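Engineer: Requesting a structural model of the entry that follows:
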Amino acid sequence: MLNFIICDDEEGFRKIIISEIDKFMMNYDVEYKKHECECYEKKFETLARKEMGFKVYFFDIKTKNGSGLDAARFIREELDDWNSIIIIVTAFAEYRYEALSNRLYLLDFISKFDNCSKKLKETLKIVYKQYNSREKCLNYEYNYIIYKIELKNIIFIEKEQDSKRCIVHTTYGTFKAPFTLSAISKQLDKRFLKVHKSLILNVDKIREYDTKENEVLFINGMSTNLISRSGKKELIDYVTNR
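Structural biologist: Numbering: from 1, shown residues only. Prediction:
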């Protein structure tokens, strides 16, 4: 899922960015969400820390409470997030050199007073290309929406009861997929282990495995004991040897 996080203390300008996002995304059947922040405080920090898929930040350099460059530094250095896209959109064009020379891997620096709408459209095209070229994903279409879920964010996949669909549990939500476990497994890699005819799990997301109770605890606190005898053997081999 694409997540656009807009941080600007001018509500009117946040609406301009949101309008450009909506107009651009109308061309694609891709699920996306927009999140607004007036400053770089609690709400922003919560969004930055939260697992929610692919993030695109639009930062103003100066707000009443905080700096966009400090926020970018927080994302890159403190959170060690070098995958999210950061775009500066500001009225303070004099900060351009400082922003682009700080090794914060900013995608663009856009002036609010220099063909802003046009440049937002151009930048959104680059954003979408990067979104499509990211690391290996589970790709499918369901109810006319195209989903691209990064494999690293999948915790486990289970067969929906009395259905040919699957339920994909991720670090940022749960999604339905219109095919069987056998079909979905063709898009997965070696980090995924089928431990039951109705369950595939991501071994990288296991926190612990209680062999006595035959229960797996995942990093997000969810758990399952849907593990067959043969699946248990493979799981023990994995946990023992990792």
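
Engineer: and the gap between the residue nearest in space to the middle of the chain and residue 22?
Structural biologist: To find the centre residue of the chain, average its C-alpha atoms and take the closest one (CA atoms, centre = their mean): that gives residue 53, at 1.0 Å. Residue 53 sits 18 Å away from residue 22, going by CB to CB, to the nearest Å. In this view, the C-beta of every residue, glycine as well, is placed from N, C-alpha and C.

Engineer: cool, and residue 31?
Structural biologist: Here the criterion is CB to CB. By it, residue 31 lies 13 Å from residue 22.

Engineer: Name the residue in these two with the higher neighbour count.
Structural biologist: Looking at residue 31 and residue 22 with other CB atoms under 10 Å, you find the greater number of neighbours at residue 31, namely 17 against 12.

Engineer: got any ranges where this protein has weak pLDDT?
Structural biologist: 95, 134-135, 241-242 (pLDDT under 70).

Engineer: What segments of it are helices?
Structural biologist: Along the chain, the stretches classed as helices by DSSP state H are 11-25, 42-49, 68-73, 96-100, 116-132, 181-185, 229-241.

Engineer: Now residue 106: closest residue in space, sequence neighbours ignored.
Structural biologist: Of all residues not flanking residue 106 in the chain, residue 86 sits nearest, at 5.2 Å (CB to CB, 6 or more residues apart in numbering).

Engineer: and residue 210, what does it touch?
Structural biologist: Taking CB atoms under 8 Å, 6 or more residues apart in numbering, we find residue 210 in contact with 216, 217.

Engineer: From residue 133, how far out is it?
Structural biologist: Taking CB to CB, one finds residue 210 at 40 Å from residue 133.

Engineer: what sits against the residue sitting furthest away from the middle of the chain?
Structural biologist: The C-alpha centroid of the chain is most remote from residue 212, which lies 35.0 Å away (CA atoms, centre = their mean). Going by CB under 8 Å, 6+ apart, residue 212 touches no other residue.

Engineer: Could you report the separation of it from residue 232?
Structural biologist: For residue 212, the distance to residue 232 - CB to CB - is 11 Å.

Engineer: And for residue 21?
Structural biologist: If you measure residue 21 against residue 232 using CB to CB, the figure is 47 Å.

Engineer: more neighbours, those two?
Structural biologist: For the pair residue 21 and residue 232, the greater number of neighbours falls to residue 21 (21 against 15), based on other CB under 10 Å.

Engineer: Verify the stated contact: the more buried one with residue 124.
Structural biologist: Yes - under the criterion of CB atoms under 8 Å, residue 21 is in contact with residue 124, at a separation of 6.9 Å.

Engineer: Chain neighbours aside, what residue packs nearest to residue 11?
Structural biologist: Using CB to CB, 6+ apart, the nearest residue to residue 11 is residue 38, at 7.8 Å.

Engineer: Would you map out the domains in this protein?
Structural biologist: For the chain, the domain assignment from automatic domain parsing gives the residue ranges 2-132, 137-241.

Engineer: so how far is the longest one from its chain's centroid?
Structural biologist: Once both centres are worked out by CA atoms, centre = their mean, to the nearest Å, domain 2-132 turns out to sit 15 Å from its chain's centre.

Engineer: swap in the last one?
Structural biologist: If you compare the mean C-alpha spot of domain 137-241 with that of the full chain, they lie 18 Å apart, counting by CA atoms, centre = their mean.

Engineer: So what does the nearest residue to residue 64 once chain neighbours are set aside look like in phi/psi?
Structural biologist: Computed as CB to CB, 6+ apart, the closest residue to residue 64 that is not its neighbour in sequence is residue 9, at 5.1 Å. Here the main-chain torsion angles of residue 9 (degrees, to the nearest 10) amount to phi -80, psi 0.

Engineer: Am I right that residue 136 is in contact with residue 151?
Structural biologist: Yes - the criterion here is CB under 8 Å, and residue 136 meets it with residue 151 at 5.2 Å.
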